[in-house]
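**Q** can't give you the sequence, but here's the structure:
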C-alpha cells in the first residue's frame, strides 16, 4: 500500500498505523512505478 506523504503529515492516525503493516510513504508517482514488479525482474529471477 502506498500513502501520499501529505496524509502522513496530517493529523490523521491511520497512515502511520498502516505503515506499521508495511504501507509506504509516497511523495512522487515515480516512486510507485519503481516499486511495481516488472516482467524484466520476473525473467531475471526465473533464470
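**A** Thanks, I have the structure now. Keep in mind the model is a prediction, meaning the values are calculated, not measured.
**Q** Tell me where this protein has strands.
**A** All strands of the chain, identified by DSSP state E, fall at 2-4, 24-26.
**Q** can you pull out the helices in the chain?
**A** For the chain, applying DSSP state H gives helices covering 5-8, 14-19, 29-35, 39-46.
**Q** Please pull out the lowest mean pLDDT helix or strand from the chain.
**A** Every helix and strand in the chain was compared by mean pLDDT, DSSP states H and E; the lowest is helix 39-46, with a mean of 58.
**Q** Residue 32 against residue 26, yeah?
**A** Yes. Applying C-beta atoms under 8 Å, one finds residue 32 in contact with residue 26, separated by 6.0 Å. Any C-beta I mention is one placed from the backbone N, CA and C, and that applies to glycine too.
**Q** the more surrounded of these two?
**A** Taking neighbours as other C-beta atoms under 10 Å, residue 32 and residue 26 compare with residue 26 leading, 18 against 11.
**Q** Tell me if I'm right that residue 2 and residue 27 touch.
**A** No. Counting by C-beta under 8 Å, residue 2 stays clear of residue 27, with 10.0 Å between them.
**Q** more neighbours, these two?
**A** Using other C-beta under 10 Å as the criterion, residue 2 and residue 27 rank with residue 2 on top: 13 against 10.
**Q** So in terms of bridging, what pairs with the more buried one?
**A** The partner list for residue 2 in beta bridges (DSSP bridges) reads residue 24.
**Q** can you pull the contacts of it?
**A** Under the criterion of C-beta atoms under 8 Å, 6 or more residues apart in numbering, the contact list for residue 2 reads 23-26, 31-32, 35.
**Q** same deal with residue 19?
**A** If you count contacts by C-beta under 8 Å, 6+ apart, residue 19 has them with 3, 8, 25.
**Q** Which of those residues sits closest to residue 14?
**A** Nearest to residue 14 among those is residue 3, at 8.6 Å by C-beta to C-beta.
**Q** Near the spatially closest residue to residue 7 that is not a sequence neighbour, how many other residues are there?
**A** Excluding the flanking residues, the one nearest residue 7 by C-beta to C-beta, 6 or more residues apart in numbering is residue 15, at 4.6 Å. Neighbour count of residue 15, defined by other C-beta under 10 Å: 18.
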